[in-house]
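*Asks:* Give the three-dimensional model of this entry:
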Amino acid sequence: MKSLSYLNKYFFKYRWRFLLGILCIIAGNYFGAQIPVFIGQSMNFLSGENKLSPGQTLFWTVLGLAGLVILFNIIKGFFLFLTRQTLIVMSRYIEFDLKNEIFDKYQQLDYSFYKSQSTGDLMNRISEDVSQVRQYLGPGVMYTINLIVLFPFSLYQMLKVNAELALYALAPLPIMAGLIYLVSSRMNKLSKEVQQEQSRLSTLSQETFSGVRVIKAYIQEKHAKQNFEASSRSYLTKTMRLVRTNALFMPTISLLIGASTLLSIYVGGMLTFDGTIKTGDIVSIILLIYSLTWPFASIGWVTSINQRAAASQERINEFLKTEPAIKNQSEASLELFQEIQFTNMSFRYKPDSPDVLSNINFTLKRGETLGIIGKTGSGKSTLLQLIVRQLDPSAGEITYNSTKLSTINLKEYRKHLSVVPQDVFLFSDTIYNNITFGALNLESTTKEEVIEAAKNAHVLHNIEAFPDKFETILGERGVNLSGGQKQRVSIARALIRKPDILLLDDCLSAVDTETEEIILGNLKRLNQEQQTTSVIVSHRISSLRNADYILVLENGRIVEEGKPADLLQTTGQYRELYDKQLMEEPKVFED
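*Replies:* Numbers count the residues shown, from 1 in each chain. Coordinates of the predicted model:
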């Protein structure tokens, strides 16, 4: 249960609501504990064991006691209503806060964290795990406090009626406590296994839905179904183990409560022979025992809730306590961009893994266009991630205007960047909102700016061909657009920011050469008008025709660099790629 101590800050935040809920529980149980006593007194009057005072009549005395029973039940019900309005509502507020805290943490964590995590597991932690924790915060806490408060009230009344009979009635309770202690540890282990298996099931479902086109293309529906059934069966097996363990609680506790009742009847009956106890008193003690039946019977359910919550909170704590590798080290304002310099920079994902990039040296100056080309796996995309500072170098350094990139205001720095990633991502929203997502100020962005960005990305004519134009709703990840259209909408999203540094990661691969030429022409014009610095990563020479400087990467190293015209005079890789692609697309190179 140590993992749940993380939630104490929320109990403190809502302390007045929490304390009011506890007071309502105390008040409700105080009145509830009186009810069995009034019923017992009524029976004593009816049996003649309680003598009436002068002026009292049996009818009005019993009617008065019955009225008190009804009144106290109404008061108890009223305080129960207030208890739920305070503690259960508090649990919903904490659920809201916890989900927001988790989501904020997700956004703080860096790129390397997400490379090691599955989407399904992250979704499960913010949904199912938080729901399990809320059960502890609401019903778990409420029923636990209710038992803690009710037991001393009931015990007091039982001892007041007859101490000897009360001790016999309470004799099975230590056995019950030992049983709960033994089973709870097993339930904790099983709860954690169930949550982990549910995460795997969520991950498998998410991957199946995302890759449904591939599954259908390869006719692998049967294989996907078998995988899902295997994971579901594993989840079912582990859940049933937990259910079977939890199922032992209710009948066992009911049996112990029944044993307590039998002891009360037997011992109470024996004590009536010598006049030590009255019949109504036995009834009072039995009713007090029964008033404890549900609170004690709920221990099994509450224990299950708490153990599930502890397992879930432990999973949540794992990443809430994870510190992002990339942190903003400064809140100072940022100088106008002049240059970014890589000096003897090397990068590896793990200390014991080989270098992805090794001994990289170059300078990117304001207004320049840098082209990066190389074979698949040569480190092109990683180099862009280092410029954006999604990753930090393992050796050497990267500087921004002669200041280490890791020490400047990261938030301000990224405001001056626009990135079009290799793996284009569009939201399930309108085309208009997908483009304005890149704007620094959504409220002040005009329709004219959106149209201009779409025009520069050469996608305006495609958008206007849709019936709803910019208000067209895109499917998941832009599924109702072609590959080239998705890339161009992403370019429009990047251009609407009017960035100082524009990073394009092989984002023209799905467009034809004519469209590519139009987009590159527009980018060249914008570079001149806005003094934008561009970095274009591509595997096509034609995409780099406007570059001022070229880097050729191979196995994480710069094997060639220089101006495009100078590289064509050599016999290296750049010239080789140029000749091959010239044969494939002669018109583009001639133009």
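
*Asks:* only C-alpha atoms for contact and neighbour calcs from this point on.
*Replies:* Will do.

*Asks:* which residues of the stretch 251-400 of the chain fall in helices?
*Replies:* 279-320, 380-388 (DSSP state H, counting those that start in this stretch).

*Asks:* so of those helices, which one's packed in deepest?
*Replies:* The highest average neighbour count among these, using mean count of other CA atoms under 10 Å, belongs to helix 279-320 at a mean of 22.

*Asks:* elements contacting that one?
*Replies:* Judged by 3 or more CA pairs under 8 Å, 6 or more residues apart in numbering; DSSP states H and E, helix 279-320 is in contact with helix 15-47, helix 89-108, helix 130-135, helix 141-161, helix 173-210, helix 221-247, helix 249-273.

*Asks:* And residue 366, what's its pLDDT?
*Replies:* Residue 366 carries a pLDDT value of 88.

*Asks:* so it touches residue 400, yeah?
*Replies:* No: here residue 366 does not reach residue 400: they are 11.2 Å apart, not a contact under CA atoms under 8 Å.

*Asks:* who touches both of these two?
*Replies:* Common contacts of residue 366 and residue 400 (CA atoms under 8 Å, 6 or more residues apart in numbering): 337, 338, 339.

*Asks:* Specify which member of those residues is nearest to residue 269.
*Replies:* Taking CA to CA as the measure, residue 269 sits nearest to residue 337 out of the shared contacts of residue 366 and residue 400, at 93.4 Å.

*Asks:* you'd agree the closest one is up against residue 367?
*Replies:* No: applying CA under 8 Å, one finds residue 337 not in contact with residue 367, separated by 9.8 Å.

*Asks:* between the two, who's got more neighbours?
*Replies:* Just comparing residue 337 and residue 367: by other CA atoms under 10 Å the higher neighbour count belongs to residue 367, 20 against 16.

*Asks:* need the contact list for the more buried one.
*Replies:* With contacts defined as CA under 8 Å, 6+ apart, residue 367 is in contact with 527, 528, 531, 532, 533, 534.

*Asks:* Kindly confirm whether my reading is correct that the last one touches residue 368.
*Replies:* Yes: with contact defined as CA under 8 Å, residue 534 counts as touching residue 368 (6.4 Å).

*Asks:* On the pLDDT front, check residue 418 for me.
*Replies:* Residue 418 is assigned a pLDDT of 87 by the prediction.

*Asks:* wait, is it part of a strand?
*Replies:* Yes: secondary structure assignment (DSSP: H, G, I helix; E, B strand; the rest coil) places residue 418 inside a strand.

*Asks:* Tally up the residues packed near it, please.
*Replies:* Counted with other CA under 10 Å, the neighbours of residue 418 add up to 24.

*Asks:* before we move on, what about residue 192?
*Replies:* Per other CA under 10 Å, the neighbour tally for residue 192 reads 21.

*Asks:* thinking again about what came up before, can you tell me which of the contacts of residue 367 has the largest number of neighbours?
*Replies:* residue 534 (27 neighbours).

*Asks:* any idea how far that residue is from residue 97?
*Replies:* Counting by CA to CA, to the nearest Å, the gap from residue 534 to residue 97 is 41 Å.

*Asks:* one step back: present the contacts of residue 367 as TSV; the columns should include pLDDT, distance to residue 240 and secondary structure.
*Replies:* Output for those, formatted as TSV (pLDDT from 0 to 100; distance: CA to CA, whole Å; DSSP: H, G, I helix; E, B strand; the rest coil):
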residue	pLDDT	distance to residue 240	secondary structure
527	81	63	helix
528	82	67	helix
531	83	65	coil
532	85	61	coil
533	88	60	strand
534	88	58	strand
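
*Asks:* Format these as JSON lines; extra columns: distance to residue 101.
*Replies:* Shown next, in JSON lines, are the contacts of residue 367 (distance: CA to CA, whole Å):
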{"residue": "527", "distance to residue 101": "40"}
{"residue": "528", "distance to residue 101": "43"}
{"residue": "531", "distance to residue 101": "40"}
{"residue": "532", "distance to residue 101": "37"}
{"residue": "533", "distance to residue 101": "36"}
{"residue": "534", "distance to residue 101": "36"}
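
*Asks:* Between the residues you listed, which sits nearest residue 186?
*Replies:* Nearest to residue 186 among the contacts of residue 367, counting by CA to CA, is residue 534 at 59.0 Å.

*Asks:* Which strand residues bridge the closest one?
*Replies:* residue 369, residue 502 (DSSP bridges).

*Asks:* hang on, the earlier thing: can you list which of the shared contacts of residue 366 and residue 400 are found in strands?
*Replies:* Counting by DSSP state E, those place residue 339 in strands.

*Asks:* residues contacting the residue nearest to residue 151 when sequence neighbours are not counted?
*Replies:* Of all residues not flanking residue 151 in the chain, residue 292 sits nearest, at 7.2 Å (CA to CA, 6 or more residues apart in numbering). Shown in contact with residue 292 (CA under 8 Å, 6+ apart): 147, 150, 151, 154.

*Asks:* So residue 292 versus residue 260, what's the distance?
*Replies:* 11 Å.

*Asks:* got a pLDDT number for the residue positioned nearest the centre of the chain?
*Replies:* Geometric centre of the chain, nearest residue: residue 126, 2.5 Å, by CA atoms, centre = their mean. For residue 126, the pLDDT comes out at 84.

*Asks:* Against residue 133, how distant is it?
*Replies:* Distance, residue 126 to residue 133, using CA to CA: 11 Å.

*Asks:* cool, and residue 258?
*Replies:* 33 Å.

*Asks:* more neighbours, the two?
*Replies:* For the pair residue 258 and residue 133, the greater number of neighbours falls to residue 133 (27 against 17), based on other CA under 10 Å.

*Asks:* Next, give me the two most distant ones among the contacts of residue 367.
*Replies:* 528 and 534 (11.0 Å).

*Asks:* hmm, back to that, the more surrounded of residue 366 and residue 400?
*Replies:* residue 400 (22 against 18).

*Asks:* if you skip the residues just before and after it, what's nearest to the more buried one?
*Replies:* Nearest non-adjacent residue to residue 400, counting by CA to CA, 6+ apart: residue 340, 4.7 Å away.

*Asks:* what bridges to that neighbour?
*Replies:* On the basis of DSSP bridges, residue 340 is bridged to residue 364, residue 400.

*Asks:* burial count for residue 441?
*Replies:* The burial count assigned to residue 441 is 10, neighbours taken as other CA under 10 Å.

*Asks:* before we move on, what about residue 42?
*Replies:* Using other CA under 10 Å, residue 42 has 21 other residues around it.

*Asks:* List the contacts of it.
*Replies:* By CA under 8 Å, 6+ apart, the contact list for residue 42 reads 61, 62, 65, 66, 280.

*Asks:* One more pass at 7 Å, please.
*Replies:* Contact analysis of residue 42 by CA atoms under 7 Å, 6 or more residues apart in numbering lists 62, 65.

*Asks:* Then residue 238?
*Replies:* Contacts of residue 238 (CA under 7 Å, 6+ apart): 193, 194.

*Asks:* if I look at it, how far off is residue 231?
*Replies:* 11 Å.

*Asks:* cool, residue 97 as well?
*Replies:* Residue 97 is 32 Å from residue 231, by CA to CA.

*Asks:* Between the two, tell me which one has more neighbours.
*Replies:* Comparing residue 97 with residue 231 by other CA under 10 Å, the one with more neighbours is residue 231, at 19 against 13.

*Asks:* Surely that one and residue 201 touch.
*Replies:* Yes: assessed by CA atoms under 7 Å, residue 231 is found in contact with residue 201 at 6.0 Å.

*Asks:* before we move on, back to that, of the contacts of residue 367, just say which sits nearest to residue 408.
*Replies:* Distances from residue 408 to these, taken as CA to CA, are shortest for residue 533 (19.0 Å).

*Asks:* Residue 131: neighbouring residues, count only.
*Replies:* 18.

*Asks:* quick one on the thing from earlier: for the residue nearest to residue 400, what are its contacts?
*Replies:* By CA under 7 Å, 6+ apart, residue 340 lies in contact with 363, 364, 365, 399, 400, 401.
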